[in-house]
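Colleague: missing the sequence, but the structure's below:
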DNA sequence: TCAATAATAATAACGATTACTATTATAATC
DNA sequence: GATTATAATAGTAATCGTTATTATTATTGA
């Protein structure tokens, strides 16, 4: 997942991030690629993927997936997502408080809620230990 | 995503579900396939995928993804997941209360938490309306 | 200006997932 | 129990999102 990332100025990365920030549709990499192409017609799809990964590793944007499509979001304000299992639309729910596993949040979005996944991302104890060993041997 | 699913008795599906229930490792489809093969050597990978989809649609199991690997979980008790961005391990956190977006949950798992995604799955207002139109025309 | 190297475009390769097709298993009806 | 309809399967081919590769370009620091 490209954790230790050298960063150098890049027009492509700037445009990718700027265009993502303008969008509220939680685009896939390919959808974003089509938008970025209007600004930078020669941009490569690989560049979009590489920079999105970097921005995710940075904590600048977030990535979400239901196992079918992977979508990106530049809105880092505290909110949850609700995804339609039929058309794959992702909507935001900003008004959160209490227990998100409680499906009463459906009322806020108009969705008929079927299930919920709460997933944290981080580094497990075993990998933490390994990275410490590595730091010491440097 | 195969919402309206005819269900007929199937040995393969029973074994797939039973083996998944025995596992706490949140296996991928292929990992589960290898396990199921020990019971049913002639089982096809497509059968594993098809039946996992049905079980997800049923609400019998859950599917989770970080955009890289898709993993399955037959434990339907209320809990959250925490995934290592390095080795891709997924651990369970059952002791939840309060606000899961608060990264203090990391203390329960020993993970160093980087980010969190809370995602509901359901049917959006637009698709709900379409399915109602369809019901009326039947 | 020059050297080192990160980032890129273009394209090839990969691999998880889905689609296809002939066959088999299930369940309902006779 | 035989017959029929069709869901489910095994085996395989095809698809497509993503990653890897490579030669070239752009950036940064000396």
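Modeller: In hand now; what should we look at? Since the model is a prediction, treat every value here as computed from it, not as a measurement.

Colleague: Report the closest residue of chain A relative to DNA strand D.
Modeller: At 3.0 Å from DNA strand D, residue A:9 is the closest residue in chain A, using CB to the nearest atom of the strand. The C-beta positions use only the backbone N, C-alpha and C, and glycine is treated the same way.

Colleague: what distance separates stretch A:13-22 from the centre of its chain?
Modeller: 13 Å (CA atoms, centre = their mean, to the nearest Å).

Colleague: just stretch A:28-47 next, same as before
Modeller: On the basis of CA atoms, centre = their mean, stretch A:28-47 is displaced by 17 Å from the centre of the chain it belongs to.

Colleague: What of stretch A:18-34?
Modeller: How far stretch A:18-34 lies from its chain's middle: 11 Å, per CA atoms, centre = their mean.

Colleague: same check, this time on stretch A:49-60
Modeller: The chain centroid and the centroid of stretch A:49-60 are separated by 8 Å, computed with CA atoms, centre = their mean.

Colleague: in that stretch, what's buried?
Modeller: A:49-57 (16 or more other CB atoms under 10 Å in any protein chain shown).

Colleague: quick revisit: confirm the residue of chain A closest to DNA strand D sits in a helix?
Modeller: No - with DSSP: H, G, I helix; E, B strand; the rest coil as the criterion, residue A:9 is coil rather than part of a helix.

Colleague: so how many other residues sit close to it?
Modeller: 6 (other CB atoms under 10 Å in any protein chain shown).

Colleague: Spatially, which residue comes closest to residue A:56, not counting chain neighbours?
Modeller: Closest residue to residue A:56 in three dimensions, ignoring its sequence neighbours and counting by CB to CB, 6 or more residues apart in numbering or on different chains: residue A:63, at 4.9 Å.

Colleague: The one you found touches residue A:70, doesn't it?
Modeller: Yes - the criterion here is CB atoms under 8 Å, and residue A:63 meets it with residue A:70 at 6.3 Å.

Colleague: Which one's more surrounded, these two?
Modeller: Neighbour totals were compared for residue A:63 and residue A:70, and residue A:63 leads with 23 against 18 (other CB under 10 Å).

Colleague: where does the more buried one land in three-state SS?
Modeller: In terms of secondary structure, residue A:63 is strand; the call rests on three-state DSSP.
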